[in-house]
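Trainee: Model the structure of this input:
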Amino acid sequence: MKKRALLALVGTVALASCNQAPDVSGKSVTKTFTDQKLAGYTTPSGTAVFVDLTGGDRRTTLTVKGLKPNTDYLAHYHKMGTASTTDTCKSNGDVVGGMIGMTTKSNASGDLTIKGFQMTADLKDAKYINVHEASALANVPVCAPL
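Mentor: I've put the predicted structure just below:
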C-alpha cells in the first residue's frame, strides 16, 4: 500500500512539473497586422504576439479576423527583401525560421489563430510576419512589420 501511495505522489509531482510555463527571458511584444488590400478580403486585421523564452525559443501567437471562411492559412517570419525599400511587407524577403506553427483553417467567421515556436537565433534577421493562403502563397491578406 505504501508503494502505491509513493507512486501516486511521484506521478503527481511529475505531471505538475510538465505543466510548468516556460521561463520568459524577454517581454511580450505585440505587433498589429496591416491589411494588404487583397481582393476577396474585407478589412482583415489582427495581432502578432511573441515572447522569447529561456532556452532560445520564441513563442508566437497570431490572431487574425476578416479572412476567408474555412480556408487554410500558414504564416512565416521574413527578412527584408529588395522588391521594396519603403514597405517592409512588400519587400518580398526570404522566410526565416520556417513556418509558425502548422497550416491552420480559419473558422466559418473567417477568424484564425496560429501558434508556434521557433529558435530565436533563426529569427535574428526577421523584419516582418505575414499570413498566406496555404493553397496560393502569393495571396497575403495581412502583414505585421517588426
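Trainee: so what's the nearest residue to Thr71 once chain neighbours are set aside up against?
Mentor: Leaving out its chain neighbours, the residue that sits closest to Thr71 by Cβ to Cβ, 6 or more residues apart in numbering is Ser106, at 5.2 Å. Just so you know, the C-beta spots here come from the backbone N, C-alpha and C atoms, and that holds for glycine as well. Contacts of Ser106 were listed using Cβ atoms under 8 Å, 6 or more residues apart in numbering, and they are Val64, Leu67, Lys68, Pro69, Asn70, Thr71, Tyr73, Leu112.
Trainee: and the second one, how many neighbours?
Mentor: Put plainly, it is Leu67. Using other Cβ atoms under 10 Å, the number of residues around Leu67 comes to 25.
Trainee: mind checking the SS state of it?
Mentor: For Leu67, the secondary structure call by DSSP: H, G, I helix; E, B strand; the rest coil comes out as coil.
Trainee: State the distance from it to Thr120.
Mentor: 28 Å (Cβ to Cβ, to the nearest Å).
Trainee: so after the helix or strand of the chain with the lowest mean pLDDT, what's the next helix or strand?
Mentor: The element with the least model confidence among the helices and strands of the chain, by mean pLDDT, DSSP states H and E, is helix 2-18, at a mean of 43. If you walk from helix 2-18 toward the C-terminus, the next helix or strand you reach (DSSP states H and E) is strand 29-32.
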